[in-house]
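S.K.: here is the input, now give the coordinates:
(one chain, ligands or ions: 1)
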Amino acid sequence: DLCTNMDSLQLVSSNKIFGGYQKVYAHESSELKCKMNFSIYLPPQADGDNVKLPVIFYLSGLTCTEQNFITKSGFQRYAAQHGIIVVSPDTSPRGVKIPGDDDSWDFGVSAGFYLDAVMDPWSKHYRMGSYVTKELYEIIQSAFSNLVDPTKFGIMGHSMGGHGALVSTLRNPGLFKSVSAFAPICNPSACPWGEKAFTGYLGKDKNQWAEWDATELVKKYDGPPLTLLIDQGAGDKFYKEKQLLPENLVEACRSVGVPVILNLREDYDHSYYYISTYIGEHFDFHAKILKA
Ligand SMILES: N[C@@H](CCC(=O)N[C@@H](CS)C(=O)NCC(=O)O)C(=O)O
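M.R.: Numbering: from 1, shown residues only. A predicted model of the protein is given here:
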């Protein structure tokens, strides 16, 4: 029972910015079985007749909601310049109250990891993988069908959301035509954040883990040509603590000939100060592919 029109979406807020509108909607998610918010930026070009605009999904990191990116990154300036619609979901199911779901900031609430859990008690609600790549994807195509070009979707993300962007793309060849990530968790099977989340959501079977790990997935990628754009602050404490491991992903890409760009940014940390500095470059990268 997917949403087929605007009636199933409830407008939470709408603010004019750079000539377009930053909106937040609430809806009942069938995948997550709870009420969810997502944000959507409609650039000024959405006002025209018969427009077909590209769409970029942005997936946020640990501790975030749909608010962090829209209030801190300054992306709207670039989305308005390029005429791109930008959609950003929340980072986990909300309000479902599973015992232990808010004991830590890197598991449970606001830490859904954009995967489909198989372990009890998480598997009923923690289905952010299917939520993003099926439910929300289809909601945007149907509810905004008068504005979006259904063949021009890209995706980007930060940290846990960078992992989500990479995995959503590699697991579903062709669904997203362009992909980039800021400080992504590149090899979750081999870092503390990933080991904790994957054990909790997926269990102990490492074969299951490989299905949600970008470094493993890229080795068997067999879809349309794709260039991965990876951005990383060299002063990021999580990078230094080996939570992110971009070098592992780059090595895997090189081993199978998948083009990858790794931009290491001297002294930048993990925060939205860093993201807002380079978000314009990422929009240029996506626009070049999506508007080709
Ligand atoms: N709570 C963590 C930091 C978590 C963190 O850096 N989260 C990133 C994503 S992984 C973020 O976007 N935080 C929200 C923000 O900066 O607005 C800590 O205390 O070390």
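
S.K.: show the contacting residues for the closest residue to the ligand within the stretch 101-250 of the chain.
M.R.: Nearest to the ligand, among the residues of the stretch 101-250 of the chain, is Ser159, at 3.4 Å (CB to the nearest ligand atom). Every C-beta, even on glycine, is put in place using the N, C-alpha and C of the backbone. Taking CB atoms under 8 Å, 6 or more residues apart in numbering, we find Ser159 in contact with 61-62, 182-185, 238, 244, 270.

S.K.: okay, it: pLDDT?
M.R.: Ser159 is assigned a pLDDT of 98 by the prediction.

S.K.: for Tyr58, same thing?
M.R.: So Tyr58 comes in at 99 (pLDDT).

S.K.: for the one 4 residues further on, same thing?
M.R.: pLDDT recorded at Leu62 is 98.

S.K.: same check on the one 10 residues further on?
M.R.: Looking at Lys72, its pLDDT reads 98.

S.K.: tell me how far it lies from Asn187.
M.R.: 27 Å (CB to CB, to the nearest Å).

S.K.: swap in Ile261?
M.R.: For Ile261, the distance to Asn187 - CB to CB - is 18 Å.

S.K.: which of the two has more neighbours?
M.R.: Comparing Ile261 with Asn187 by other CB atoms under 10 Å, the one with more neighbours is Asn187, at 23 against 13.

S.K.: measure that one to Pro246 for me?
M.R.: Distance of Asn187 to Pro246, computed by CB to CB: 9 Å.

S.K.: same thing with Lys152?
M.R.: 27 Å.

S.K.: looking at the two, which one has more neighbours?
M.R.: Pro246 (25 against 21).

S.K.: in contact with that one, which residues?
M.R.: By CB under 8 Å, 6+ apart, the neighbours of Pro246 are 184, 186, 230, 232, 239, 262.

S.K.: and Lys33, by the same measure?
M.R.: 93, 96, 124-125.

S.K.: what's the neighbour count on the residue of the chain found nearest the ligand?
M.R.: As assessed by CB to the nearest ligand atom, the ligand sits closest to Gly61 within the chain, at 2.5 Å. By other CB under 10 Å, the residues close to Gly61 number 26.

S.K.: among the contacts of Ser159, which lie within helices?
M.R.: Phe238 (DSSP state H).

S.K.: take stretch 224-244, keep the C-alpha atoms, and write them as CSV.
M.R.: Extracted C-alpha coordinates of stretch 224-244, given in CSV (Å, rounded to 0.1, in the frame of the first residue of the first chain):
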residue,chain,number,x,y,z
PRO,A,224,25.9,0.3,-15.6
PRO,A,225,29.2,2.2,-15.6
LEU,A,226,29.6,4.1,-12.3
THR,A,227,32.2,6.4,-10.8
LEU,A,228,32.3,6.6,-7.0
LEU,A,229,33.1,10.0,-5.6
ILE,A,230,34.5,9.7,-2.0
ASP,A,231,35.3,12.7,0.0
GLN,A,232,37.2,12.5,3.3
GLY,A,233,38.5,15.1,5.8
ALA,A,234,42.0,14.1,6.8
GLY,A,235,41.5,15.6,10.3
ASP,A,236,38.3,13.6,10.9
LYS,A,237,38.7,11.8,14.3
PHE,A,238,36.5,8.8,13.1
TYR,A,239,38.8,8.5,10.0
LYS,A,240,41.9,8.4,12.3
GLU,A,241,40.1,5.8,14.5
LYS,A,242,39.6,3.6,11.4
GLN,A,243,35.8,3.7,11.5
LEU,A,244,35.6,4.8,7.9
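
S.K.: list the buried ones in that stretch?
M.R.: For stretch 224-244, burial by neighbour count (16 or more other CB atoms under 10 Å) applies to 226, 228-233, 236, 238-239, 243-244.

S.K.: turn these into CSV, including pLDDT.
M.R.: Listed next are those as CSV, based on pLDDT from 0 to 100:
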residue, pLDDT
Leu226, 98
Leu228, 98
Leu229, 98
Ile230, 98
Asp231, 98
Gln232, 99
Gly233, 98
Asp236, 98
Phe238, 98
Tyr239, 98
Gln243, 98
Leu244, 98
